[in-house]
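Peer 1: Give me coordinates for this.
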Amino acid sequence: MNALTIKKAAPLRGNITLPGDKSISHRAIIFSCLSSGKCRITNICSGEDASRTLEIFKHMGVEAEQTGPYDHVIYGKGLKGLTEPASVLYTGNSGTTTRLMTGLLSAQRFFTVLSGDSSLNTRPMKRVVEPLRLMGATICGRSDGNFAPLAITGSQLRGIDYSLTVASAQIKSCLMLAGLYAEGMTTITEPAQSRDHTERMLEHLGVPVTRKAASVSIASAAEIRPEQYEIPGDISSAAFYMVAALIVPGSEIRLKGIGVNPTRTGCIDILKKMGGSIELENQRSMYGEPVADIIVRSSRLKATAIGGDLIPRAIDEIPILAIAAACAEGATVVSDAAELRIKESDRIATMCSELKKCGISAREQKDGMIITGAESLSGGICQSHGDHRIAMSLAIAGLMAKTELTVEDCECINTSFPEFMIKLGQLTAKKSH
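Peer 2: Numbering: from 1, shown residues only. Next up is the predicted model:
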């Protein structure tokens with residue numbers, strides 16, 4: 001999948017299911033490996049990022065077997081049963097793996113080194129290293145621990161009361177994993193609530209977690225019980241098809257069994273605010289996570305403001321929301337989203353750059369962008385910048401381009417959603433190549 005060439009689409013129709021939520025898959029793997037017995041995970045995310053998390057645990061003595069395309073059985077070793085790996089633990093392009101495992105490994109009784117690919121090793125890690133050091137962790141790395149590789153010498157940790165400067169589920173979950181081993185209580189407070197999959201899963205497993213407004217507290221745990229997990233469809237993956245159905249005239253699709261955790265549904269709220277026809281049906285709960293079918297019909301979108309508390313609930317979906325903005329009437333303003341600059345790429349700069357190639361007015365702001373919509377986009381050649389969400393967003397833009405749109409360097413899509421084009425082909429009468 002080095003390059004994708006997309007043609008203007010006929011109406012999108014049909015029902016599809018999607019691979020498991022990436023964020024929940026990471027956490028299900030972690031807690032299964034730390035459990036005291038046999039766990040089964042079905043509909044696990046097939047992307048490389050989740051695989052990196054599982055491979056790391058295998059290097060620390062965990063046994064696991066794949067029983068189906070999206071199913072695994074994991075034999076947990078308990079909270080204190082992991083063993084020292086013989087080599088560097090490779091996290092690939094996964095920031096979630098790197099940051100969450102830094103918290104967990106800080107409390108183990110052995111030495112580890114975490115390192116990722118060239119992109120991952122430029123992403124800031126001091127945001128987790130600094131609070132972990134306050135808990136007593138011993139972590140070394142480039143630029144005083146701001147960049148991987150990170151060398152971690154396991155230590156006895158102590159609980160802290162820590163306030164984050166940005167709402168971040170990765171930082172929060174990192175500190176919660178460390179808190180499972182720390183003496184005393186660990187409390188993390190965010191400026192706004194980020195996604196709460198870690199809290200929900202621990203509560204489901206019977207581990208005491210105290211939540212109050214934007215704060216969460218956790219004490220050391222004696223055991224994680226084995227569990228069977230069924231992972232709901234990934235709403236971040238669903239967002240690409242939601243926008244596709246909204247912008248391609250005459251479309252109507254159903255996305256089945258998608259996770260609709262309220263800390264993750266900012267994209268739905270934003271698209272509805274833009275005039276999008278989106279309905280939730282068959283709402284239910286799976287292992288503490290709300291799930292629903294999402295029905296989307298083509299709509300005439302209008303520009304809106306995207307900022308404030310909506311950002312933590314839609315941070316991963318901003319690139320595809322930028323495509324919705326490019327097809328909307330008026331100028332959409334994205335603000336309070338400086339976090340986008342330190343993702344797999346600088347997503348503010350890359351989206352503005354690529355939208356301009358498509359004939360769309362897109363202006364960078366320090367913490368966001370201003371996108372003025374147009375009735376159609378121009379085709380041509382765009383770059384993914386090695387960022388899976390940029391690549392998939394531009395592919396969706398191609399469905400509305402006047403001429404063919406080619407997105408180069410699309411191998412990165414495999415990090416989160418290898419089935420992206422297959423699922424799109426199931427919805428398009430005139431399939432893309």
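
Peer 1: Helices along the stretch 251-400 of the chain, start to end?
Peer 2: 266-273, 318-326, 347-357, 388-397 (DSSP state H, counting those that start in this stretch).

Peer 1: May I see those helices arranged in a markdown table, with distance to residue 237 and mean neighbour count as well?
Peer 2: For glycine as for every other residue, the C-beta is placed from the backbone atoms N, C-alpha and C. Converted to a markdown table, these look like this (distance: least, C-beta to C-beta, whole Å; neighbours: other C-beta atoms under 10 Å):
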| stretch | distance to residue 237 | mean neighbour count |
| --- | --- | --- |
| helix 266-273 | 11 | 21 |
| helix 318-326 | 10 | 28 |
| helix 347-357 | 17 | 22 |
| helix 388-397 | 8 | 28 |
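
Peer 1: can you list those helices in TSV and add mean pLDDT?
Peer 2: Listed next are those as TSV, based on pLDDT from 0 to 100:
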stretch	mean pLDDT
helix 266-273	98
helix 318-326	98
helix 347-357	98
helix 388-397	98
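
Peer 1: got JSON lines for these, with distance to residue 418 too?
Peer 2: Output for those, formatted as JSON lines (distance: least, C-beta to C-beta, whole Å):
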{"stretch": "helix 266-273", "distance to residue 418": "21"}
{"stretch": "helix 318-326", "distance to residue 418": "18"}
{"stretch": "helix 347-357", "distance to residue 418": "21"}
{"stretch": "helix 388-397", "distance to residue 418": "10"}
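
Peer 1: Identify whichever of these lies nearest to residue 215.
Peer 2: Smallest distance to residue 215 across the helices of the stretch 251-400 of the chain (C-beta to C-beta): 20.5 Å, for helix 266-273.

Peer 1: Identify the residues contacting the closest one?
Peer 2: 235, 239, 242-243, 246, 260, 278, 294, 301, 304, 306, 310-314, 317, 320-321, 324 (C-beta atoms under 8 Å, 6 or more residues apart in numbering).

Peer 1: Can you list the low-confidence ranges for the protein?
Peer 2: Residue ranges of the chain with pLDDT under 70: 1, 429-433.

Peer 1: Please identify which of the helices of the stretch 251-400 of the chain is closest to residue 81.
Peer 2: helix 388-397 (33.5 Å).

Peer 1: by contact count, what packs against the closest one?
Peer 2: Using 3 or more C-beta pairs under 8 Å, 6 or more residues apart in numbering; DSSP states H and E, the elements in contact with helix 388-397 are strand 3-6, helix 235-247, helix 318-326, helix 347-357, strand 405-408, helix 420-427.

Peer 1: Confirm for me that residue 111 is in contact with residue 153.
Peer 2: Yes - if you go by C-beta atoms under 8 Å, residue 111 and residue 153 touch, sitting 5.3 Å apart.

Peer 1: and residue 138, what does it touch?
Peer 2: Contacts of residue 138 by C-beta under 8 Å, 6+ apart are 106, 152-155.

Peer 1: after the helix or strand containing residue 132 comes which helix or strand?
Peer 2: Here residue 132 sits within helix 126-134, counting by DSSP states H and E. Once the chain leaves helix 126-134, the next helix or strand it forms, by DSSP H and E, is strand 138-141.

Peer 1: Buried residues, whatever helix or strand comes next after that following strand. List them.
Peer 2: Next along the chain after strand 138-141, taking DSSP H and E as the criterion, comes helix 142-145. Of the residues in helix 142-145, residue 145 count as buried by neighbour count, 16 or more other C-beta atoms under 10 Å.

Peer 1: Next up, the contacts around the nearest residue to residue 196 once chain neighbours are set aside.
Peer 2: Spatially, and ignoring its direct neighbours in sequence, residue 196 is nearest to residue 263 (5.0 Å; C-beta to C-beta, 6 or more residues apart in numbering). Residues counted as contacts of residue 263 (C-beta under 8 Å, 6+ apart) are 169, 193-196, 312-313.

Peer 1: Could you dump the residues you listed into CSV and include distance to residue 119 and secondary structure?
Peer 2: Shown next, in CSV, are these (distance: C-beta to C-beta, whole Å; DSSP: H, G, I helix; E, B strand; the rest coil):
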residue, distance to residue 119, secondary structure
169, 20, helix
193, 28, coil
194, 22, coil
195, 22, coil
196, 27, coil
312, 23, coil
313, 25, coil
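
Peer 1: Output those as JSON lines; include the columns distance to residue 425.
Peer 2: Shown next, in JSON lines, are those (distance: C-beta to C-beta, whole Å):
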{"residue": "169", "distance to residue 425": "32"}
{"residue": "193", "distance to residue 425": "37"}
{"residue": "194", "distance to residue 425": "34"}
{"residue": "195", "distance to residue 425": "30"}
{"residue": "196", "distance to residue 425": "34"}
{"residue": "312", "distance to residue 425": "33"}
{"residue": "313", "distance to residue 425": "30"}
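
Peer 1: mind putting the residues you listed in CSV, neighbour count and distance to residue 46 included?
Peer 2: CSV is the format used below for the contacts of residue 263 (neighbours: other C-beta atoms under 10 Å; distance: C-beta to C-beta, whole Å):
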residue, neighbour count, distance to residue 46
169, 25, 21
193, 20, 29
194, 24, 25
195, 25, 20
196, 21, 24
312, 24, 26
313, 23, 25
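
Peer 1: Show me which of the residues you listed is closest to residue 386.
Peer 2: So of those, ranked by how close each gets to residue 386 (C-beta to C-beta), first place is residue 169, at 22.9 Å.

Peer 1: wait, doesn't the closest one sit right on residue 196?
Peer 2: Yes - in terms of C-beta under 8 Å, residue 169 counts as a neighbour of residue 196; the distance is 7.5 Å.

Peer 1: Would you write a ChimeraX line that selects the buried entries of the contacts of helix 266-273?
Peer 2: Buried residues among these (16+ other C-beta under 10 Å), as a ChimeraX selection:
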select :235,239,242,243,246,260,278,294,301,304,306,310,311,312,313,314,317,320,321,324
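
Peer 1: residues in contact with the nearest residue to residue 47 once chain neighbours are set aside?
Peer 2: Counting by C-beta to C-beta, 6+ apart, residue 47 lies nearest to residue 416, which is 4.1 Å off, once chain neighbours are set aside. By C-beta under 8 Å, 6+ apart, the residues touching residue 416 are 22, 45, 47-49, 236-237, 388-389.

Peer 1: Let's see that with 6 Å instead.
Peer 2: 22, 47, 388 (C-beta atoms under 6 Å, 6 or more residues apart in numbering).

Peer 1: Domain boundaries for the protein, per the record?
Peer 2: Residue ranges for the domains of the chain, per automatic domain parsing: 3-20+232-427, 22-230.

Peer 1: And the last one, how far out from the chain middle?
Peer 2: The chain centroid and the centroid of domain 22-230 are separated by 15 Å under C-alpha atoms, centre = their mean, to the nearest Å.

Peer 1: residues in contact with the helix holding residue 132?
Peer 2: 99, 102, 106, 139, 145-146, 160, 162, 171, 174-175.
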